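Colleague: Only the shape, not the letters, is given here:
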């Protein structure tokens, strides 16, 4: 049966969907819904491409009350995910199953929903007052994470760490201009962590950068870089030493997040950590004291894909191409 | 990174991709590849939509040597799959992972790849000579299956059975005109089976139509209707009584095909049945005598989706819309 399908390009999306409070709220609602039993979020489907030494991942989730179900297709060669990450999202009606839109977003929606999750984590776990924020990494996600964090914790000072001083300087300059805060670049990750109340790690490293002995009272860390088995940004001992370690989804973090390394090191074999959704829904305790040390591990969920695709559909103007399929 | 993505509508596809020998050969190669260990075909990802009382299914497969990997998204309410089945297919490059095309095919590619699999099954399992073919069911798939069967077993006479005599007459008239063979409609499924050497069942029934006592020497049956748990077209005793019962994929047939009912009835709890790919690759025995009775159970595989999407890409002319994504 012929029906209209909207074909939405990255340019359409960049014109209509930004990193703002409405998006953060939509992503927050998706996490809260994950704490209920009504969300249907199957494990990520992954098909390996031998020739490309890569894979194609498919994520999806059904969230009651959201009028859309996204099917997120993210092709990528292993270890080359980053700014050039391409991908498409299919949005189906949750009421009829019909395909409503195809977002040819080249990963833009994924970048935004990952950044928005960082804002949600900071809103619920960071200390109420953040004077100084720090970011490890200098790519697209580093920039977006700091913009997202500033929405919910309007810090006055920002420290940017990268292995490449040139990239760190460029990232710092851009963020200073965008956020209007004092920004410094640093080549000493320890200094960045020690001076910050909120740190976001955005690197693809396989040997942890953040050491347990760098933890200090009143610190919150959100780790977003690890999204594949073997990647690790935070030393396992730090997870065990923090007052609270929170996963976006335990079953994902234990195979592709920081929890994988902690379990392998024998440092987290007891109960499962809490999930971010449970803290939002107040069914699990969050930060209890200003001096608590908290860590949040974000691997990326299909619920975020569904939330941002439905949000995009609701804010898009008539610019997108409509194809009678 | 911006790159071109082809947006291909159902109309584009109907104009370029037909049910012909090249397509059947492409699907046959996909099945043969399934017999090797090099194909990567994850289990179907399915997300339930509570409001729609339906679901969205995602199938995919990587086949070495095929320059494309399809991600097939098939939304559908339970028990309403059929001619109106909608859906889209994403084609990614197997070499780079990049999205190359989006097929807004409304299920057309699924219908064709299912029919082509029927031709492959008939080519490898039906008796060499088929005078009379029979089809149970009168929908789109009944018509396509008989066109597909005629490509590989050019029968002279066709029997069409349906519960609704009007629909059976319409299907018979259309197939008579298309194939140029003698066609009769029938309201007696037993008569159709008894008089045919090749029978294809295409119904969504949950109570088996084909009885074990209808089996006769030199009969081949292909069952394509059962694609969900609980559906069943062929009595379990028939599977056990046939000389050879073949699955497209055992792990699918035991949860959504005829094998499910046979196992539940305690009639198939020993070794796994052979798979169609193994018979094509000659690593498992096929029909051994003209009088053998054979049954093939097709539930639909991601390998077919990849094969037909790559085939479509190779035969499409410049008609499709190209979007710079």
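Modeller: Okay, I see it. Not measured: the values here are computed from a predicted model.

Colleague: Output the contacting helices and strands for the helix or strand that contains residue A:25.
Modeller: In this assignment (DSSP states H and E), residue A:25 forms part of helix A:21-34. Packing contacts for helix A:21-34, counted by 3 or more CB pairs under 8 Å, 6 or more residues apart in numbering or on different chains; DSSP states H and E, involve helix A:108-125, helix A:140-152, helix A:276-280, helix A:302-315. Where you see a C-beta, it was placed from the backbone N, CA and C, and this is true even at glycine.

Colleague: Let me know the next secondary structure element after the shortest one.
Modeller: Sequence order places strand A:294-297 as the next helix or strand after helix A:276-280, per DSSP H and E.

Colleague: and that next one, which residues are buried?
Modeller: Residues of strand A:294-297 classed as buried by neighbour count (16 or more other CB atoms under 10 Å in any protein chain shown): A:294-297.

Colleague: Check which helices and strands that strand is in contact with.
Modeller: helix A:108-125, strand A:220-223, strand A:244-247, helix A:258-264.

Colleague: so for that strand, what's the average pLDDT?
Modeller: For strand A:294-297, mean pLDDT rounds to 98.

Colleague: same check, this time on stretch A:236-253
Modeller: Per-residue scores along stretch A:236-253 average to 96.

Colleague: For that stretch, buried residues please.
Modeller: Under 16+ other CB under 10 Å, the buried positions of stretch A:236-253 are A:236-239, A:242, A:244-250, A:252-253.

Colleague: Also near chain B: which of these, exactly?
Modeller: The subset of those within reach of chain B, by CB under 8 Å from any CB of the partner chain, is empty.

Colleague: can I get those in a markdown table with distance to residue A:38?
Modeller: Formatted as a markdown table, the buried residues of stretch A:236-253 follow (distance: CB to CB, whole Å):
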| residue | distance to residue A:38 |
| --- | --- |
| A:236 | 33 |
| A:237 | 37 |
| A:238 | 34 |
| A:239 | 30 |
| A:242 | 30 |
| A:244 | 26 |
| A:245 | 26 |
| A:246 | 21 |
| A:247 | 20 |
| A:248 | 18 |
| A:249 | 16 |
| A:250 | 18 |
| A:252 | 19 |
| A:253 | 22 |
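
Colleague: of those, closest to residue B:13?
Modeller: residue A:252 (36.1 Å; CB to CB).

Colleague: can you tell me the helix or strand for the closest one?
Modeller: For residue A:252, the element it lies in under DSSP H and E is helix A:250-256.

Colleague: for that helix, packing partners?
Modeller: helix A:258-264.

Colleague: Correct me if wrong: residue A:176 contacts residue A:183.
Modeller: Yes: counting by CB atoms under 8 Å, residue A:183 is a contact partner of residue A:176 at 3.8 Å.

Colleague: Quick check: neighbours shared by the two?
Modeller: residue A:158 (CB atoms under 8 Å, 6 or more residues apart in numbering or on different chains).

Colleague: Who has more neighbours out of those two?
Modeller: Higher neighbour count among residue A:176 and residue A:183: residue A:183, with 22 against 16, using other CB atoms under 10 Å in any protein chain shown.

Colleague: In three-state terms, label the more buried one for me.
Modeller: strand (DSSP: H, G, I helix; E, B strand; the rest coil).

Colleague: and residue A:207, helix, strand or coil?
Modeller: Residue A:207 - assigned by three-state DSSP - is coil.

Colleague: Could you pull up the residues touching the residue lying closest to residue A:244 once chain neighbours are set aside?
Modeller: Residue nearest to residue A:244 in three dimensions, not counting chain neighbours: residue A:294, with 4.5 Å by CB to CB, 6 or more residues apart in numbering or on different chains. Counting by CB under 8 Å, 6+ apart, residue A:294 touches A:125-126, A:219-221, A:242-246, A:286-287.

Colleague: Of those residues, which is the nearest to chain B?
Modeller: residue A:246 (25.0 Å; CB to the nearest CB).

Colleague: Is the closest one bridged to anything, and to what?
Modeller: residue A:274, residue A:296 (DSSP bridges).

Colleague: Quickly note the distance from it to residue A:150.
Modeller: Relative to residue A:150, residue A:246 is positioned 21 Å away (CB to CB, to the nearest Å).

Colleague: and what of residue A:289?
Modeller: Distance from residue A:289 to residue A:150, by CB to CB: 24 Å.

Colleague: Who has more neighbours out of the two?
Modeller: When residue A:289 and residue A:150 are compared on other CB under 10 Å, the one with more neighbours turns out to be residue A:150, at 22 against 10.

Colleague: Who are the contact partners of the more buried one?
Modeller: Taking CB under 8 Å, 6+ apart as the criterion, residue A:150 is in contact with A:133, A:179, A:181.

Colleague: List just the nearest of the residues you listed to chain B.
Modeller: residue A:179 (26.6 Å).

Colleague: Confirm that residue A:101 sits in a helix.
Modeller: No: with three-state DSSP as the criterion, residue A:101 is strand rather than part of a helix.

Colleague: burial of it, as a residue count?
Modeller: Neighbour count for residue A:101, taken as other CB under 10 Å: 23.

Colleague: before we move on, what about the one 5 residues further on?
Modeller: For residue A:106, the neighbour count with other CB under 10 Å is 26.

Colleague: re the thing from before, turn the helices and strands packed on helix A:21-34 into JSON lines, columns for mean pLDDT.
Modeller: Below are those laid out as JSON lines (pLDDT from 0 to 100):
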{"stretch": "helix A:108-125", "mean pLDDT": "97"}
{"stretch": "helix A:140-152", "mean pLDDT": "98"}
{"stretch": "helix A:276-280", "mean pLDDT": "97"}
{"stretch": "helix A:302-315", "mean pLDDT": "95"}
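
Colleague: Tell me which strands the helix or strand hosting residue A:60 pairs with, and in which orientation.
Modeller: Element membership of residue A:60 [criterion: DSSP H and E] is strand A:54-61. According to DSSP bridges, strand A:54-61 forms sheet pairs with strand A:45-49 (antiparallel), strand A:69-77 (antiparallel).

Colleague: Report the separation between the nearest residue to residue A:147 once chain neighbours are set aside and chain B.
Modeller: Spatial nearest neighbour of residue A:147, excluding adjacent residues (CB to CB, 6+ apart): residue A:19 at 5.5 Å. Per CB to the nearest CB, to the nearest Å, residue A:19 is found 21 Å from chain B.
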